[in-house]
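>>> the sequence and its predicted three-dimensional model are supplied below.
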Amino acid sequence: MTATSEYTAGLSGIKHPGLVQWVLEVASLCKPERVQVCDGSPAEYNEMIRAMVQQGTAIPLNEEKRPNSILVRSDPADVARVEDRTYICSRQREDAGPTNNWEDPEKMKAQLRDLFAGAMAGRTLYVIPYCMGPVESPLSKVGVELSDSPYVVANMHIMTRVGARVLERLGVDGEFVRGLHSVGAPLEGEAADSPWPNSKTKYICHFPETREIWSFGSGYGGNALLGKKCHALRIACVQARDEGWMAEHMLIMKLTNPEGVAKYVAAAFPSACGKTNLAMLVPTVPGWKVETLGDDIAWMRFGADGRLYAINPEAGFFGVAPGTSMESNPNALLTAASNSIFTNCAMTPDGDVWWESMTATKPANLVDWKRRPWTPQSGRKAVHPNARFTAPSRQCPVIAPEWESPAGVPIDAILFGGRRAKLVPLVTEAFDWQHGVFLGATCSSETTAAAAGAVGSLRRDPMAMLPFCGYNMGDYFAHWLKIGSTEGAVLPRIFYVNWFRQDDAGNFLWPGFGENSRVLQWVFDRCDGKANATDTAIGRLPEPADLNTSGLNLAPGTLEQVLAVDKAGWQGEIEPIRKHFAQFGDRMPAALSAQVDGLEARLKAGSCCCGSKHGK
Ligand code: O2Y
Ligand code: MN
């Protein structure tokens, strides 16, 4: 079936002429077998699962152990985001900036049109109307993804709100982000489909000026589920700049103290720094409660009271599986107890999933993520390091009751962080918003496996947005500064945390996980004016006595080490920071360059400006 009139037949439920026209244009380019508009129903979800099982992509898991869940195994060469294939196609190269791959939009579209021509032959083109954020929230945004992958449809059902109610919100002329995705593997003749088609050619392209995404050749995660990184971060941050709000790579959590007072914290960490673990943390400090609103993305807008209100645009978690256990993150494990999709995990003989660190003892036999028999003696990992679970947020045992509040929640504190073995103290509070923006702009982390590429090297990852900022990062810093100077703004305090500092023998100094609640308590109490801090050259730090360490068994001197400000070491950061900022040329806000001068001056000044108590 290729005639436009036949495609039209399936689109009668769409009242938006612009959307109908676009779907028809795409269909006539990609030549799918048929077009199906997704309604977001459980029946449709089951149909996708059936299609994946039939294709050999998915295996249903044991109903007793993991109800309504499947295991999917990708092609071994399609396992993570592909930053080197990710493009920001703004008209001017400078508007993409030095941290993004850039191509001229018309040139890129011409190349993409060639790739997409006939790319969906023999497949179904799914029209996925989705809403990022609660459908009834003014802070939410609509997108439509056109994809030829049932895996994408099923994941979008969990990760976003899909279907008729979204089309309803869109009306006849509503704005929406256009996302086109194909696995790039047309079905020719009678040849059998592959369980996970994987094209050698991959392009993840963003056209921020026209709010479009074209993704070709990968079926995995952030490359294919276009609502997540592509829409909710790369395109949304451009919309946010234009409209005066913020789209950030941040978890959202609710902290409640023993007196029942609640505060909301948003936190940005580079990929795979334990954001999901922090979002769902089980506090070790008696009487404190942590609830989750989101684990990856926050959209924030000023409310009438001048505070920043955040929503989580997503409806599910696409979490890293390996390392997730009842010890490290019981709430994540419980969230994925049913109705979940597991990608590139191992399978147990009784039809459940397994991954490294899930249990203290390794199963005697497994089928690994590459479909090979595996035993603990195999001498290799059973699971890909970027194996994932896709699970509905509503199933999280500690989901905050207001997680879908249309108004969002008022943010009291913003945390930045990264994975640094040396130098960076456990927690530092910014002197003010501008200094906080400086801390965010200089975020750095030792890399992990969430993106394809080198593991273990240090990279600057401003506000954890390096792979996700859809425009020039210098302009992005300027936007942060502008937000801070908004009249009537009641701004969150900004902090920088590092759970990963090590001693000279390579041992972690801080136990992390639930013990991070001690740091959160200090953050909370700082916001309430109830905790002490001491001014240092790099910011305001707690003294060991200012942290609640009751019941914490740290070796003598460890707390001092994890909070130490190594002045000589920080002097060594000045030049790398200047170099990092220099790449943005005249787009770099002078106020942030002045912050480097300020840091340098404070470090040189010796003790005169350090060590002064900044009390409650
Ligand atoms: O999209 C992927 O393939 C994995 S990356 C990811 C997934 C969920 C949340 N965050 C990330 C990230 O890289 O930041
Ligand atoms: Mn992320």
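Right, received. Where do you want to start? Residues are numbered from 1 along each chain as shown. Ligands and ions are numbered 1, 2, ... in the order given.

>>> Glu575 - how many residues pack around it?
For Glu575, the count of nearby residues is 11 (other C-beta atoms under 10 Å). For the C-beta atoms, the positions are set from N, CA and C on the backbone; glycine is no exception.

>>> start the count at 22, not 1, going forward
Understood, numbering begins at 22; the last thing we discussed is Glu596.

>>> Gly248 and Glu423: what is the separation?
22 Å (C-beta to C-beta, to the nearest Å).

>>> residues of the stretch 122-271 of the chain that sit close to ligand 1?
Residues of the stretch 122-271 of the chain lying close to ligand 1 by C-beta under 6 Å from any ligand atom are Tyr241, Gly242, Gly243.

>>> grab the nearest non-local neighbour of the first one.
When you say that, I think you mean Tyr241. Residue nearest to Tyr241 in three dimensions, not counting chain neighbours: Asp99, with 4.9 Å by C-beta to C-beta, 6 or more residues apart in numbering.

>>> for Leu188, same thing?
Leu188's closest residue in space is Pro150 (C-beta to C-beta, 6+ apart), at 5.0 Å.

>>> state the phi and psi torsions of Arg102.
phi -60, psi 150 (degrees, to the nearest 10).

>>> how many other residues sit next to it?
By other C-beta under 10 Å, 24 other residues sit near Arg102.

>>> show me what contacts Lys275?
Shown in contact with Lys275 (C-beta atoms under 8 Å, 6 or more residues apart in numbering): Ala283, Lys284, Tyr285, Val286, Lys310, Val311, Glu312, Thr313, Leu314, Ala421, Glu423, Val430.

>>> where does the third one fall, phi/psi-wise?
Here is the backbone geometry of Tyr285 (degrees, to the nearest 10): phi -110, psi 140.

>>> and the gap between it and Met274?
7 Å.

>>> common neighbours of those two, please.
Among the neighbours of Tyr285, those also in contact with Met274 (C-beta under 8 Å, 6+ apart) are Leu314.

>>> residue contacts, Tyr66?
Ala175, His178.

>>> sorry, that was for Ile318
For Ile318, the contact set (C-beta under 8 Å, 6+ apart) comprises Lys249, Ala253, Leu254, Ala268, Glu269, His270, Met271, Asn333, Pro334, Glu335.

>>> can you tell me the SS state at the second one?
Right, Ala253. Secondary structure state of Ala253, per DSSP: H, G, I helix; E, B strand; the rest coil, is helix.

>>> burial of it, as a residue count?
Residues within reach of Ala253, counting by other C-beta under 10 Å, total 29.

>>> next one: it from Ser170, what distance?
Ala253 sits 19 Å away from Ser170, going by C-beta to C-beta.

>>> before we move on, what about the third one?
To Ser170, Leu254 is 21 Å away according to C-beta to C-beta.

>>> the fourth one too?
Distance of Ala268 to Ser170, given as C-beta to C-beta: 25 Å.

>>> now do the helices in the stretch 222-371 of the chain.
For the stretch 222-371 of the chain, the helices defined by DSSP state H, counting those that start in this stretch cover 242-245, 257-264, 296-300, 351-356.

>>> with mean neighbour count and mean pLDDT added, can I get those helices in a markdown table?
Formatted as a markdown table, these follow (neighbours: other C-beta atoms under 10 Å; pLDDT from 0 to 100):
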| stretch | mean neighbour count | mean pLDDT |
| --- | --- | --- |
| helix 242-245 | 25 | 97 |
| helix 257-264 | 20 | 98 |
| helix 296-300 | 25 | 96 |
| helix 351-356 | 22 | 98 |
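
>>> show me the strands in the stretch 272-421 of the chain, by range?
For the stretch 272-421 of the chain, the strands defined by DSSP state E, counting those that start in this stretch cover 283-289, 310-315, 319-323, 329-332, 337-341, 362-364, 367-368, 374-375, 387-388, 394-395, 409-413.

>>> quick one: which of those is nearest ligand 1?
Comparison of those against ligand 1 by C-beta to the nearest ligand atom identifies strand 337-341 as nearest, at 4.2 Å.

>>> which residues sit against stretch 506-516?
Under C-beta under 8 Å, 6+ apart, the answer for stretch 506-516 is 265, 287, 323, 326-329, 432-437, 448-451, 454, 456-458, 460-461, 504-505, 544, 547-548.

>>> just the ones of those residues in helices?
Among the contacts of stretch 506-516, the members falling in helices (DSSP state H) are Trp454, His456, Gly457, Val458, Leu460, Gly461, Ile504, Gly505, Val544, Arg547, Cys548.

>>> by neighbours, which of those wins?
When neighbours are taken as other C-beta under 10 Å, the top entry among the ones in helices among the contacts of stretch 506-516 is Val458 (27 neighbours).

>>> any idea how far Leu188 is from that one?
Relative to Leu188, Val458 is positioned 39 Å away (C-beta to C-beta).

>>> again with Glu85
37 Å.

>>> between the two, which is the more surrounded one?
It is Leu188, of Glu85 and Leu188, that has more neighbours when counted by other C-beta under 10 Å, with 24 against 9.

>>> which residues are contacting the helix or strand harbouring that one?
Leu188 is located in helix 185-191, with elements delineated by DSSP states H and E. Defining contact as C-beta under 8 Å, 6+ apart, one finds that helix 185-191 is touched by 34-37, 40, 60-61, 150-152, 156, 163, 197.

>>> return the subset of those residues lying in strands.
Members of those lying in strands (criterion: DSSP state E): Pro150, Tyr151, Cys152, Val163.

>>> rewinding a little: mean neighbour count and distance to ligand 1 for the strands of the stretch 272-421 of the chain - can I get that in a markdown table?
Output for the strands of the stretch 272-421 of the chain, formatted as a markdown table (neighbours: other C-beta atoms under 10 Å; distance: least, C-beta to the nearest ligand atom, whole Å):
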| stretch | mean neighbour count | distance to ligand 1 |
| --- | --- | --- |
| strand 283-289 | 23 | 10 |
| strand 310-315 | 23 | 11 |
| strand 319-323 | 24 | 13 |
| strand 329-332 | 25 | 17 |
| strand 337-341 | 25 | 4 |
| strand 362-364 | 27 | 9 |
| strand 367-368 | 28 | 18 |
| strand 374-375 | 23 | 17 |
| strand 387-388 | 20 | 22 |
| strand 394-395 | 16 | 23 |
| strand 409-413 | 25 | 7 |
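
>>> mind checking which of those is nearest Tyr108?
Proximity to Tyr108 (C-beta to C-beta) singles out strand 337-341 among those, at 22.0 Å.

>>> give the partner strands of the closest one in its sheet and their orientations.
Partner strands and pairing direction for strand 337-341 (DSSP bridges) are strand 409-413 (antiparallel).

>>> what's the distance between the closest residue to ligand 1 within the stretch 272-421 of the chain and Arg322?
Nearest to ligand 1, among the residues of the stretch 272-421 of the chain, is Ser292, at 3.2 Å (C-beta to the nearest ligand atom). From Ser292 across to Arg322, the span is 25 Å (C-beta to C-beta).

>>> same question for Gly315.
As judged by C-beta to C-beta, Gly315 and Arg322 stand 15 Å apart.

>>> now do Val303
31 Å.

>>> then Ala64?
Distance from Ala64 to Arg322, by C-beta to C-beta: 36 Å.

>>> check contacts around the residue positioned nearest the centre of the chain.
Most central in the chain under C-alpha atoms, centre = their mean is Asp317, positioned 3.7 Å from the mean C-alpha point. For Asp317, the contact set (C-beta under 8 Å, 6+ apart) comprises Lys249, His270, Met271, Leu272, Lys296, Thr297, Glu335, Phe338, Phe339.

>>> Thr345: which of those is nearest?
Using C-beta to C-beta, those come closest to Thr345 at Thr297, 7.8 Å.

>>> quick revisit: and the contacts of Ile318 as JSON lines, adding pLDDT?
Putting these into JSON lines (pLDDT from 0 to 100) gives the following:
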{"residue": "Lys249", "pLDDT": "98"}
{"residue": "Ala253", "pLDDT": "99"}
{"residue": "Leu254", "pLDDT": "98"}
{"residue": "Ala268", "pLDDT": "99"}
{"residue": "Glu269", "pLDDT": "98"}
{"residue": "His270", "pLDDT": "98"}
{"residue": "Met271", "pLDDT": "98"}
{"residue": "Asn333", "pLDDT": "98"}
{"residue": "Pro334", "pLDDT": "99"}
{"residue": "Glu335", "pLDDT": "98"}
